[in-house]
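Novice: here is my input; please provide its structure:
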Amino acid sequence: MIWPKKFIHIDMDAFFAAVEQRDRPELKGKPVIVGGNPQSRSVVSTCSYEARKFGIHSAMPTAQAKRLCPQGIFLYPDFEKYSAVSKTVMGILHTYTPLVEQVSLDEAYLDVLENKLKLADPVKLAGLIKQHIFAATRLTASAGVAPAMFLAKIASDMEKPDGLTVVFPDKILDFLKDLPVRKIPGVGPRTEEILHGMTLYTCGDLWGADPKNLCARLGKWGLELFHKARGEERRGVDPHWERTQLSEEETFAKDIADIPWLKRKLAQLAEHVFYGLQHEGRTGRTVVLKVKYHDFEQITRSKTLAAPPQDWHILHEIACDLLKKKTLAGRKPIRLLGLGISGLRDKDEVPAAMQGELF
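Specialist: Sure thing, here's the model as predicted:
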């Protein structure tokens, strides 16, 4: 088999919950939800596969998770512990290739066209990496192997947990033909809605689409989708990649004009963003609010602080202030709300004077 490019996507299985179950044997086989007190406005960071059977998923309010699974075991996240395990995993990946792009604590891409073991078979290499991770951490990872990064990511999610899915170069179109468009990374509820409105439900449907029509409805993203539906991607692994903003957003099932409801949603987004930065060991001072109104007009509003927010409540307060003073919330229905922090830096880069304000 000739591979023009060889990518592996490694994704740890239910990472936070799996670490807790590993360290506390009494939790094995039980529905574990990491994310805080269900009596608070916390959201689920991750949950065990036992909990997922009840319909629980990340970013869900913990109060809702409690209603779905009253017997669930709710734990506060221990980001220091998760970060330490993540460093072990990423260190393992670097023993196989220097071309590793870490995109979160539990997820990374590898370019293994050239690798330190000089193995020609990327599937065998992915298996060895999975074994190595388990031997060192007693945690399972799922892997996707493909000639394109986005295909490897899709593949790694196909057989979780502990899966290994391969998209061979000569089987790309077979793999994509019946794949729902929502499976393409970057396709969210709104894009899916637009594509379904054009009677485009699978990647195979996109093959016959007019690129001009896609661009008219989706801009440049439409042309990118046209190519990805055929397995085409130019992007390569960037070992020095580092995100400059961390954000979360949600498109609502119906347009919302209720200010208290929007503030509650911002609380969920604020907590998820804040703890996301915590477990990446990063921080930032610019709070960014994104709003898309019912007529699809989209705006962003931001505020740069003297020091990074010290907890998610402060982030929530600033977001609510931006919503009230800088948007038409309450007067114009909203279909999407997003919240993020930009200008990210590693925590150890924050000046000492600012650290004093931070803590």
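Novice: now do the contacts for Pro309.
Specialist: Residues near Pro309 by CB atoms under 8 Å, 6 or more residues apart in numbering: 274, 287, 315, 318, 341. (Glycine included, C-beta is placed from N, CA and C.)
Novice: buried ones in the longest strand anywhere in the chain?
Specialist: When the chain is parsed with DSSP state E, its longest strand is strand 245-256. Of all the residues in strand 245-256, those buried under the rule 16 or more other CB atoms under 10 Å are 246-248, 250, 252, 256.
Novice: what of stretch 318-328?
Specialist: So for stretch 318-328, counting by 16+ other CB under 10 Å, buried means 318-320, 322-323, 327.
Novice: right, and Phe15 touches Tyr82 too?
Specialist: Yes. Phe15 is within contact range of Tyr82, at 6.8 Å (criterion: CB atoms under 8 Å).
Novice: what sits in contact with each of the two?
Specialist: Leu105.
Novice: now stretch 178-196: buried residues?
Specialist: 179, 181, 184, 187, 191-192, 194-195.
Novice: swap that for stretch 159-173, sorry
Specialist: For stretch 159-173, by 16+ other CB under 10 Å, it's 160, 163-167, 172.
Novice: a markdown table for the residues you listed, including distance to Val103, secondary structure and pLDDT?
Specialist: Shown next, in a markdown table, are those (distance: CB to CB, whole Å; DSSP: H, G, I helix; E, B strand; the rest coil; pLDDT from 0 to 100):
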| residue | distance to Val103 | secondary structure | pLDDT |
| --- | --- | --- | --- |
| Lys160 | 17 | coil | 95 |
| Gly163 | 18 | coil | 97 |
| Leu164 | 19 | strand | 98 |
| Thr165 | 18 | strand | 98 |
| Val166 | 21 | strand | 98 |
| Val167 | 19 | coil | 98 |
| Ile172 | 22 | helix | 97 |
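Novice: which two among these are spaced furthest apart?
Specialist: Lys160 and Ile172 (21.3 Å; CB to CB).
Novice: which ones are touching Leu322?
Specialist: 287, 289, 301-303.
Novice: repeat that for 7 Å
Specialist: Taking CB atoms under 7 Å, 6 or more residues apart in numbering, we find Leu322 in contact with 289, 301, 303.
Novice: what's opposite the second one in the beta bridge?
Specialist: Listed beta-bridge partners, Arg301: Leu289 (assigned using DSSP bridges).
Novice: only the buried residues of stretch 13-21, if you could.
Specialist: Applying 16+ other CB under 10 Å to stretch 13-21 flags 13-21 as buried.
Novice: what are the contacting residues of it?
Specialist: 27-28, 32, 34, 45-49, 75, 77, 81-82, 85, 105-106, 139-142, 160-162.
Novice: distance of Ala135 relative to Ser156?
Specialist: Taking CB to CB, to the nearest Å as the measure, Ala135 falls 20 Å from Ser156.
Novice: who's more crowded, these two?
Specialist: Neighbours were tallied for Ala135 and for Ser156 using other CB atoms under 10 Å; the higher tally belongs to Ser156 (25 against 9).
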